[in-house]
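S.K.: sequence below, structure please.
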Amino acid sequence: MPLAEPAEKRPAIKPQPGSSGTARAKKFGATAKRAAVPEVNGALYAARKKVQPQAVRGTFRTIKWALLAVTLGIYYLVPFLRWNRGPGEPSQAVLLDLDRGRFYFISIELWPQDVTYVMGLLILAALVLFLMNAVAGRVWCGYLCPQTVWTDLFLAVERLIEGDRRERLKLDAAPWSVEKVALRTMKHAIWLMIAWWTGGAWVLYFADAPTLVGNLATFQAPPVAYIAILTLTATTYLLAGHMREQVCTYMCPWPRIQGSLTDEHSLNILYRGDRGEPRVSAKQAAQLRAAGLPAGDCVDCYACVAACPAGIDIRDGLQMDCIQCGLCVDACDTVMGKLGRPTGLIGYDTEANCRNRAAGKPPVSRILRPRTILYGILVGAVGCGMLYSLATRSFTSLSVLHDRNPLFVTLSNGAIRNGYTLRLINKRPIERHLVLSVDGLPDARVEVVGGTPDDLPVPSDATQEFRVLVFAPAGVHPASTSALTFRITEPATGESAQAQDHFKAP
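M.R.: Numbers count the residues shown, from 1 in each chain. Modelled structure (predicted):
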């Protein structure tokens, strides 16, 4: 890979005396490229310059391509996976059925009453994100975030059509022509196709995918499906095609949160200033070393800046804009390899090791420390708790609602009657016949309006309400409020559920 030319000019922070590449370059006779960057006069905000990243090859780029293929493959293809749940049940492996109020994930079926599992998943995702940040910084942002994945895909299309960084910069600066219009039209057309399929794949998670695809093609799908597709098409096209690094810097809150979750032992993409400084060209470095003067390995080629999708200079230290994607590492390692110098001038390192090297101490790796151990324990506890709950959860539920008016009725024979509405939930794909019993009131008599307590039929995968009357016989004087336990049992399996309420009396 040829050495990249300097990145687009950006307003630079004035270097501190004796600490910047500019000062060192002047000292050793190098060209101070950053000194030529014009200052922003009287403007609160500088105009945004479009970032055109240079294509690179290397370990991190290969990892990113592999993860891009896996994540996009999962997103686009999962709606078409089939799973046999029996007659009358949906056969889509992953489905959020809003009409029936169900979420299907392979063999797992969640009801609206199972919202605790959704909360558990959100808590688990947050803890995993905290753990990832504590161990290796913004590894989620650099490799797995949807914004990063789709931006990489859009950039790949852009490079395929318009060429690499040099060609794209020339095309940006060139006047409009037939060729430029054709290239831009082709690029944006493919972007829109990708964005359209992204929105289309999203709605397939909410209905049977093959059926919905046919309905969409014949314009028989519900209007909300077309609205959702158009909305997601527009957002994908804008965020991945045009806003790119601005989403990560200005719209996403994670760069601002990560500061409280990282510490000096967290791995981050860092520049080894102790080895790279002072920065001089390869030719000047040879001359300085021959004269017994210090010269760093960094040749100030700006390859790391040109490869950065955020357009930052990693040599300025850890920055909020950096998504820790590792592309600057691949770019720098390529240059070091061509110059015959050791790789690793930019790489994963910790702030503590940077200080240790400056002080002449050996590097220390502390992945296991109180912060990461605590996050790991919490991830394990929440994950195991959710798995245990899923493995032992009941497929039968019962809720009881006492009549509000009247609370009780005294009959002519002296008996006292309370009325209740029972809602039975059958989460299995077969009809079930349940038995009702009531505990807590001696000699109580139970009646089911329109049925019998010994046989309460509940359809498959449905809820059923029953009107239940409980009688305290004449001569029995219950307290003004007595606790009752309603219990339903399936005789065939012994599975049961219960709910608590009260019996009201004078």
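S.K.: tell me what the longest helix along the chain is packed against?
M.R.: Counting residues, the longest helix in the chain under DSSP state H turns out to be helix 178-203. Using 3 or more CB pairs under 8 Å, 6 or more residues apart in numbering; DSSP states H and E as the contact criterion, the neighbours of helix 178-203 among helices and strands are helix 59-77, helix 146-162, helix 209-217, helix 223-238. Backbone N, C-alpha and C define where each C-beta goes, glycine included.
S.K.: let me see the contact set for the residue nearest the centre of the chain.
M.R.: The residue at the geometric middle of the chain, judged as the C-alpha nearest the mean C-alpha position with CA atoms, centre = their mean, is Cys145 (6.1 Å). The neighbourhood of Cys145, defined by CB atoms under 8 Å, 6 or more residues apart in numbering, consists of 248, 323.
S.K.: same check, this time on Asp164
M.R.: When contacts are counted by CB under 8 Å, 6+ apart, Asp164 touches 54-55.
S.K.: then the one 10 residues further on?
M.R.: Taking CB under 8 Å, 6+ apart as the contact definition, Ala174 lies against Lys180.
S.K.: look up how far Thr185 lies from it.
M.R.: Ala174 sits 15 Å away from Thr185, taking CB to CB, to the nearest Å as the criterion.
S.K.: same question, Ala136
M.R.: Looking at Ala136 against Thr185, where the rule is CB to CB, the gap reads 41 Å.
S.K.: of these two, give the one with the bigger neighbour count.
M.R.: Ala136 (19 against 11; other CB atoms under 10 Å).
S.K.: in space, what's closest to that one - neighbours in sequence excluded?
M.R.: Here the nearest residue to Ala136 in space, its sequence neighbours aside, is Leu267; by CB to CB, 6 or more residues apart in numbering that works out to 4.5 Å.
S.K.: how many other residues sit next to that neighbour?
M.R.: Neighbouring residues of Leu267 were enumerated by other CB under 10 Å; the total is 20.
S.K.: what's the pLDDT at it?
M.R.: Leu267 carries a pLDDT score of 90 in this model.
S.K.: residue contacts, it?
M.R.: For Leu267, the residues meeting the contact criterion (CB under 8 Å, 6+ apart) are 135-137, 348-350, 367.
S.K.: report the separation between it and Gln92.
M.R.: Here the distance between Leu267 and Gln92 works out to 40 Å (CB to CB).
S.K.: and the longest helix of the chain with helix 146-162, angle?
M.R.: For helix 178-203 against helix 146-162, the angle between stretch directions is 150 degrees (axes from the mean of the first three to the mean of the last three CA atoms, to 10 degrees).
S.K.: now the strands for the stretch 201-350 of the chain?
M.R.: Applying DSSP state E, counting those that start in this stretch to the stretch 201-350 of the chain gives strands spanning 268-271, 346-349.
S.K.: winner for burial among those strands?
M.R.: The densest packing among the strands of the stretch 201-350 of the chain, expressed as mean neighbour count by mean count of other CB atoms under 10 Å, is seen in strand 268-271 with a mean of 23.
S.K.: hmm, Leu270 and Gly344 touching each other?
M.R.: No. Gly344 lies out of contact with Leu270 (CB atoms under 8 Å); the separation is 10.7 Å.
S.K.: rewinding a little: now the longest helix of the chain: how far from the chain's centre is it?
M.R.: Between the mean C-alpha location of helix 178-203 and the chain-wide mean there is a distance of 25 Å, by CA atoms, centre = their mean, to the nearest Å.
S.K.: same check on stretch 475-483?
M.R.: In this view, stretch 475-483 has its centroid 55 Å away from the chain centroid, taken as CA atoms, centre = their mean.
S.K.: mean confidence score for it?
M.R.: Here the mean pLDDT over stretch 475-483 is 78, rounded to a whole number.
S.K.: wait, a helix at His502?
M.R.: No. Going by DSSP: H, G, I helix; E, B strand; the rest coil, the assignment for His502 is strand, not a helix.
S.K.: got TSV for the strands of the stretch 201-350 of the chain, with distance to Glu431 too?
M.R.: Converted to TSV, these look like this (distance: least, CB to CB, whole Å):
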stretch	distance to Glu431
strand 268-271	58
strand 346-349	58
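S.K.: which one of those strands lies nearest to Val280?
M.R.: In this view, the strands of the stretch 201-350 of the chain are compared for proximity to Val280 by CB to CB, and strand 268-271 is the closest at 15.7 Å.
S.K.: restricting to C-alpha, output that closest one in CSV.
M.R.: Taking C-alpha atoms only, strand 268-271 is exported to CSV below (Å, rounded to 0.1, in the frame of the first residue of the first chain):
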residue,chain,number,x,y,z
ASN,A,268,-7.6,0.7,24.0
ILE,A,269,-6.1,1.5,20.6
LEU,A,270,-3.2,3.7,21.5
TYR,A,271,-0.1,5.2,19.9
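S.K.: got the contact list for that strand?
M.R.: Under the contact criterion CB under 8 Å, 6+ apart, strand 268-271 has outside partners 136-138, 262, 298, 304, 314-315, 317-318, 322, 324-326, 328-329, 345-351, 354.
S.K.: got the phi/psi numbers for Arg487?
M.R.: Dihedral angles of Arg487 (phi, psi; degrees, to the nearest 10) stand at phi -130, psi 130.
S.K.: return the distance of it relative to Gly296.
M.R.: As it turns out, when the distance is counted by CB to CB, Arg487 lies 78 Å from Gly296.
S.K.: of those two, which one has the most company?
M.R.: Between Arg487 and Gly296, counted using other CB under 10 Å, the more crowded position is Gly296 (21 against 15).
S.K.: so what's the more buried one up against?
M.R.: When contacts are counted by CB under 8 Å, 6+ apart, Gly296 touches 275-280, 285.
S.K.: ditto for Ala285
M.R.: By CB under 8 Å, 6+ apart, the contact set of Ala285 is 295-297, 299.
S.K.: which members of the residues you listed are the farthest-apart pair?
M.R.: With CB to CB as the measure, no two of those lie farther apart than Ala295 and Val299, at 9.6 Å.
S.K.: who touches both of those two?
M.R.: Jointly contacting Ala295 and Val299 under the rule CB under 8 Å, 6+ apart are 280, 285.
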